[in-house]
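Visitor: Next input, structure requested:
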Amino acid sequence: GGDQEHRTMLATKHFKGLKFFLRNASKEYSFTEGTLVLSHWELLFYSNDGTLDASETYNCLSSVEKRKDQNNFFIEFFFKNFKNWIISLPDEATLEEFSRSLPTYKSLKGDGGLEVNVPAFSQNVTAYDIEENGWDTYNAERELQRLFMPIDDKDNKWRITSINSNYEICPSYPAIGALPKSFNETQLKAAAEHRDLGRFPGFSWIHPTLHTVIVRCSQPLSGRLGNIRCPEDEKLIQEIFSTNTRKPIHQNKIIDARPYSNAMANRYKGAGFETKEFYQGCEVEFMDIENIHAMRQSLEKVRKLCRSTGPNDSPNVWLSRLEGSTWLTHIQLCLKASIKIAKMVTHGVSVLIHCSHGWDRTAQLSSLAQVIMDPHYRTIRGFEQLVEKEWISFGHRITDRGGHLSSVSSVENEEESPIFLQFLDCVHQLLVQFPTQFAFNEQFLIAILDGFYDCRYGTFLTNSEKEKITLQLRDRTISLWTHLNHAANITKFQNPLYDLSKVIPVLTPTAAPNKIVFWSGLYDRSENLLSPSPSHYVHTRLVELVDGSKTQEKRLKKAIVENYKLEISEKDRAIAFLLEKAGLTQEDLEKELKNNNSSSEAVADTGDETAK
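Guide: Residues are numbered from 1 along each chain as shown. Below you'll find the model as predicted:
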């Protein structure tokens, strides 16, 4: 359907009589028999007994391995979203036939880029059950207005601008942004030319009462000696920091996400970092977060660890291998830097964040700091808006980092890297530390990750907002948020422990090593293909408990009201009985009470304590 009607679709191919091996939480295997299907866009397996119906897109496929074990023949599929399939084939001939067929299906379908190589464009948009259009979830101007709303006009030193509406100043930046009112927009182009790929200091977030800000950009093109200057760039940063009236300009901070050695290596190429003396004496602090290649290699070690661990392995062996992957160290460094930024901003310091290009580590730190400081971004739609703003509109290289158009494995693709996955892992760390402060659960984060890699929806496809507009994704594809926010799905992503009335404005997380956890719900998810994950059971039980508590509370309130009514009724009957015995009426009683009150007031006026 849709845009695929005029293209040749590959005929579906079936391989019957295969065994799909399932691994449980105890690392033990069982199998179910069924059929493996190669379709135009995805791999499918359905069991003969109807217990298993699995599908994954080729875009989500990381690598495939085939092996022979005595007289058994196996194909193992490794997916980017941490699902693994192990399938046994009946004989070597079937294995060879499958090996010949798979490349035709999984390879790129043509030279037309995303339009012909991802399934998102094949969905029939008009036939989709759109209960809430996900493309309307985020609106840049509306979000900027929300951020500036708590600030009086006379105190707001920022203005919303559409100076980049044609994406001419910076092709990888959003069309709409904000600039200091005191900065001359005509100087922005010159300022952008001093930043790598034109990614000038762009507004991200403002504190509602302190008016301190987070801005983000790429590294400056300061030359090998760091002595190349740009008056417009220096002026822009000066005006940004001047909007913070609580601190002198030199007390605001420039956060470089990279290790100092990496920043110096970039300086030798003519880029690097800011020279303190040229930027009003502002200090540059380095956060020691490694580059995309280190992250890709680290995550690959986690993949191998998860699939190679056996039921009898020592916990010490597991922990040693996990330490050797350095994955949790990377998570810790990202969290540590984000916590530092949040502390600065909430203590009256404005912060400028960058790495090299400003679309990987910068996106991580900026968005995590905002999750810590802004409760809105801890709601389902608020988090979706944050992702749209900081990752999609500010140009995270989604096509490249997700390997959407790659014809090689994830390990071999130099541009592929789990930067967004790492961000979601860090959010999960916050969710674990503050289980009542997020309106969503870990299944929501995992569903977003699936949407990032499987390319079924238009949300996570392009490298920039400009590309999104050029490809007309709004009209030609379904938004992932349309799917996740649908009534049929959203309830399973809601956190039953979340209470809006008890929200903490600013979280106080820790990056202490004993608080960093391994995200088993994601990395071990292949152990739950047939049965729901442990987190699903926890979620279901929590919902039952919360619903039961609310029901009990309603019953208690009803009982109190009924008891009160009963008490009033009994008192009325008692009074009626006494009046009847005394030969009085209700009117006589009211008259007597009125006289009593008058006498009491008269005595009170005399000040005679004895009389009282």
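
Visitor: can you give me the strands for this protein?
Guide: 13-23, 29-38, 42-47, 53-57, 61-69, 72-79, 84-89, 158-161, 177-180, 202-206, 213-217, 253-256, 283-286, 351-354 (DSSP state E).

Visitor: Could you export these as a markdown table, including mean neighbour count?
Guide: In this view, the C-beta of every residue, glycine as well, is placed from N, C-alpha and C. Shown next, in a markdown table, are the strands of the chain (neighbours: other Cβ atoms under 10 Å):
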| stretch | mean neighbour count |
| --- | --- |
| strand 13-23 | 17 |
| strand 29-38 | 17 |
| strand 42-47 | 20 |
| strand 53-57 | 16 |
| strand 61-69 | 15 |
| strand 72-79 | 19 |
| strand 84-89 | 20 |
| strand 158-161 | 18 |
| strand 177-180 | 22 |
| strand 202-206 | 23 |
| strand 213-217 | 26 |
| strand 253-256 | 24 |
| strand 283-286 | 16 |
| strand 351-354 | 26 |
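
Visitor: now for these, which one comes closest to Gly451?
Guide: Closest to Gly451 of those, according to Cβ to Cβ: strand 53-57, at 10.9 Å.

Visitor: which other residues reach the closest one?
Guide: Strand 53-57 is contacted by residues 20, 41-47, 77, 79, 81, 83, 85, 119, 454-456, 529 when judged by Cβ atoms under 8 Å, 6 or more residues apart in numbering.

Visitor: by how many degrees do it and strand 84-89 diverge?
Guide: Computed with axes from the mean of the first three to the mean of the last three Cα atoms, to 10 degrees, the direction of strand 53-57 lies at 110 degrees from that of strand 84-89.

Visitor: Strand 53-57 versus strand 13-23: what angle between them?
Guide: Relative orientation of strand 53-57 and strand 13-23, computed by the same axes, to 10 degrees: 110 degrees.

Visitor: what lines up beside strand 53-57 in the sheet?
Guide: Sheet pairing here is set by DSSP bridges, and for strand 53-57 it gives strand 42-47 (antiparallel).

Visitor: could you dump the strands of the chain to TSV with distance to Ser107 and mean pLDDT?
Guide: Listed next are the strands of the chain as TSV, based on distance: least, Cβ to Cβ, whole Å; pLDDT from 0 to 100:
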stretch	distance to Ser107	mean pLDDT
strand 13-23	15	94
strand 29-38	12	94
strand 42-47	14	96
strand 53-57	13	95
strand 61-69	11	91
strand 72-79	15	94
strand 84-89	19	95
strand 158-161	44	98
strand 177-180	39	98
strand 202-206	38	98
strand 213-217	37	98
strand 253-256	40	98
strand 283-286	42	97
strand 351-354	37	98
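
Visitor: can I get those strands in CSV with distance to Asp129?
Guide: Shown next, in CSV, are those (distance: least, Cβ to Cβ, whole Å):
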stretch, distance to Asp129
strand 13-23, 29
strand 29-38, 25
strand 42-47, 20
strand 53-57, 19
strand 61-69, 28
strand 72-79, 27
strand 84-89, 29
strand 158-161, 35
strand 177-180, 35
strand 202-206, 34
strand 213-217, 37
strand 253-256, 44
strand 283-286, 49
strand 351-354, 40
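
Visitor: So which of those is nearest Pro435?
Guide: It is, among these and with distance given as Cβ to Cβ, strand 202-206, at 24.4 Å.

Visitor: how distant is that closest one from the center of its chain?
Guide: On the basis of Cα atoms, centre = their mean, to the nearest Å, strand 202-206 sits 18 Å off its chain's mean C-alpha point.

Visitor: Run through who's touching it.
Guide: With contacts defined as Cβ under 8 Å, 6+ apart, strand 202-206 is touched by 144, 147-148, 151, 158, 173-174, 177-179, 212-217, 345, 366, 369-370, 373-374, 389-390, 394.

Visitor: ditto for stretch 511-529
Guide: By Cβ under 8 Å, 6+ apart, the list of residues contacting stretch 511-529 reads 22-25, 27, 52, 54, 81-84, 302, 306-307, 322, 328, 331-333, 335-336, 339, 425, 428-429, 432-433, 442-443, 445-446, 449, 533-536.

Visitor: Which among those count as buried?
Guide: By neighbour count, with 16 or more other Cβ atoms under 10 Å, those hold 22-23, 52, 54, 81-84, 302, 306-307, 322, 328, 331-333, 335-336, 339, 425, 428-429, 433, 442-443, 445-446, 449, 533, 535-536 as buried.

Visitor: can you count the residues close to Arg246?
Guide: 14 (other Cβ atoms under 10 Å).

Visitor: Spit out the contact partners of it.
Guide: By Cβ under 8 Å, 6+ apart, Arg246 lies in contact with 210-212, 348.

Visitor: Let's see if you can find the most crowded of those.
Guide: Within the contacts of Arg246, Thr212 tops the neighbour count with 24 neighbours, counted by other Cβ under 10 Å.

Visitor: Verify the stated contact: that one with Lys343.
Guide: No - using Cβ atoms under 8 Å, Thr212 makes no contact with Lys343, being 11.2 Å away.

Visitor: Quick one: distance of stretch 426-444 to the chain centre.
Guide: Per Cα atoms, centre = their mean, the displacement of stretch 426-444 from the mean C-alpha position of its chain is 10 Å.

Visitor: where in this structure is pLDDT low?
Guide: 1-8, 528-550, 552-553, 556-557, 559-568, 597-612 (pLDDT under 70).

Visitor: closest to His486 out of the strands of the chain?
Guide: Nearest to His486 among those is strand 53-57; the distance by Cβ to Cβ comes to 18.9 Å.

Visitor: Just want the angle from that closest one to strand 72-79.
Guide: In terms of direction (the same axes, to 10 degrees), strand 53-57 departs from strand 72-79 by 60 degrees.

Visitor: to the chain's geometric centre, what's the distance from strand 53-57?
Guide: 23 Å.

Visitor: right, and Val345 touches Ala369 too?
Guide: Yes - judged on Cβ under 8 Å, Val345 makes contact with Ala369 at a distance of 6.9 Å.

Visitor: list residues touching both of the two?
Guide: Residues touching both Val345 and Ala369 (Cβ under 8 Å, 6+ apart): 205, 214, 351.

Visitor: What number of residues are in the vicinity of Asn595?
Guide: When counting by other Cβ under 10 Å, one arrives at 10 neighbours for Asn595.

Visitor: ok, so what distance separates it from Asp588?
Guide: 11 Å (Cβ to Cβ, to the nearest Å).

Visitor: Equivalent analysis for Cys60, please.
Guide: If you go by Cβ to Cβ, the gap between Cys60 and Asp588 works out to 86 Å.

Visitor: which one of the two has more residues nearby?
Guide: Between Cys60 and Asp588, counted using other Cβ under 10 Å, the more crowded position is Cys60 (23 against 12).

Visitor: shouldn't the more buried one be in contact with Phe79?
Guide: Yes - using Cβ under 8 Å, Cys60 is in contact with Phe79, at 5.0 Å.

Visitor: If you tally nearby residues, what's the number for the closest residue to Phe183 other than its chain neighbours?
Guide: Closest residue in space to Phe183, ignoring its immediate chain neighbours: Glu239 at 4.4 Å, by Cβ to Cβ, 6 or more residues apart in numbering. A count of nearby residues for Glu239, using other Cβ under 10 Å, gives 19.
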